[in-house]
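Q: Okay, sequence plus prediction incoming.
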Amino acid sequence: MKPYLANALQTKAVAQSHGISAQKRYGQNFLIDPAVPERIVEAAGIGPDDFVLEIGPGIGTLTQYLAEAAGRVTAVEIDRNLLPVLADTLSFWDNVTIRCGDILKTDLQALADEENGGRPMKVVSNLPYYITTPILMMLLESSAPISSVTAMMQEEVADRICASPGSRIYGALSPAVQYFAEPVTVMRVPPSAFLPQPGVSSVVLHLARRKEPAVKTADRERLFAVIRAAFLQRRKTLPNALAGYAPLGVSREAAAAALEKMGLSPQLRGEMLSLEEFARLSDLLIPAHTKNGEQTT
């Protein structure tokens, strides 16, 4: 019988035998509820033809379930001390490759080429809470062939990603993620599902990466700059917020005129605009020349 880790006794035994503990600096908490990895694998739609990239395997709890379902799994682990642990806990599965490294410094396209012949891969992770947003945005902005991301994260972050305009928790992360993917809440996970127990609840999100961005815009970088500026000082009206963000180079008057052209009040704040409205506003605020100096129409 394969020694699955998703229970407290087995996890404690592995930790004791290898003399390890969860490292707070890496945001490590070990899963001990088998229902969670089972649901993650189901939500990610993992099958025998799939190649899976796992970020932060820890001691291999979720990795075991992924390896059981997938054709092949590559897991990137930053903590070198966990490599011998993973060699032990994954010894029953011959379809797993462990890479030691920082996912934020990993060339995802090269990894896909080397491990999967450049074909699409599914990303699955129990994300470190302290760097959830940088990792998510790196994955979504990457040109690597990532078809979906199924990730566990802090409940507050997941709720912000799924938030709609007008909501108190709607912020820059909401339209930014929704531009690239369609987020769906899979399950909420209580602290009791981990060892040690974190101080917050968690949520598993499935992000199906869009084949095309949710909205069309003339300049994606400018769109994201407008979104960022709108929420940097969210209590300010949009014209004031945009004018106060120097990288945009937009005056308060130009921002107000653009909003009025859209039929929107200059008194609106960023939290009231949808992704589509942000895209339209961004295009209206593009200077009357392109980056190569040619005049726009």
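A: Nice, thanks for sending it over.
Q: Could you list the low-pLDDT ranges of the stretch 151-297 of the chain?
A: For the stretch 151-297 of the chain, residues meeting the criterion pLDDT under 70 lie at 288-297.
Q: so where do the strands sit in it?
A: 181-189, 194-195, 202-209 (DSSP state E, counting those that start in this stretch).
Q: chain center to the last one, what's the gap?
A: Right, the one you point to is strand 202-209. Its chain's average C-alpha position is 8 Å from that of strand 202-209, according to CA atoms, centre = their mean, to the nearest Å.
Q: and it, which residues are buried?
A: By neighbour count on 16 or more other CB atoms under 10 Å, the buried set for strand 202-209 is Ser202, Val203, Val204, Leu205, His206, Leu207, Arg209. Glycine gets a C-beta too; all of them are placed from N, C-alpha and C.
Q: just checking, what packs against that strand?
A: helix 35-44, helix 132-141, strand 146-154, helix 155-162, helix 173-180, strand 181-189 (3 or more CB pairs under 8 Å, 6 or more residues apart in numbering; DSSP states H and E).
Q: try it again with 10 Å
A: Contact here means 3 or more CB pairs under 10 Å, 6 or more residues apart in numbering; DSSP states H and E; on that basis strand 202-209 packs against helix 35-44, strand 121-126, helix 132-141, strand 146-154, helix 155-162, helix 173-180, strand 181-189.
Q: Just want the angle from it to strand 121-126.
A: 170 degrees (axes from the mean of the first three to the mean of the last three CA atoms, to 10 degrees).
Q: How much space separates the residue most central in space within the chain from Pro190?
A: For the chain, Leu136 is the residue whose C-alpha lies nearest the centre (CA atoms, centre = their mean; 2.3 Å). Noted for Leu136: a distance of 22 Å to Pro190, by CB to CB, to the nearest Å.
Q: Pipe the buried residues of strand 202-209 into JSON lines and attach distance to Tyr179 per row.
A: Formatted as JSON lines, the buried residues of strand 202-209 follow (distance: CB to CB, whole Å):
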{"residue": "Ser202", "distance to Tyr179": "24"}
{"residue": "Val203", "distance to Tyr179": "20"}
{"residue": "Val204", "distance to Tyr179": "21"}
{"residue": "Leu205", "distance to Tyr179": "15"}
{"residue": "His206", "distance to Tyr179": "17"}
{"residue": "Leu207", "distance to Tyr179": "11"}
{"residue": "Arg209", "distance to Tyr179": "11"}
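Q: quick one: which of the strands of the stretch 151-297 of the chain is nearest Ala229?
A: Judged by CB to CB, the one of these that comes nearest to Ala229 is strand 181-189, at 22.6 Å.
Q: that older thread, out of the strands of the stretch 151-297 of the chain, nearest to Pro287?
A: strand 181-189 (29.8 Å).
Q: Figure out how far that closest one is from the centre of its chain.
A: In terms of CA atoms, centre = their mean, the centre of strand 181-189 is set 11 Å apart from its chain centre.
Q: Report the angle between that strand and helix 132-141.
A: 140 degrees.
Q: mind listing what's buried in strand 181-189?
A: Ala181, Pro183, Val186, Met187, Val189.
Q: Which elements pack onto that strand?
A: helix 35-44, helix 132-141, strand 146-154, helix 155-162, strand 202-209.
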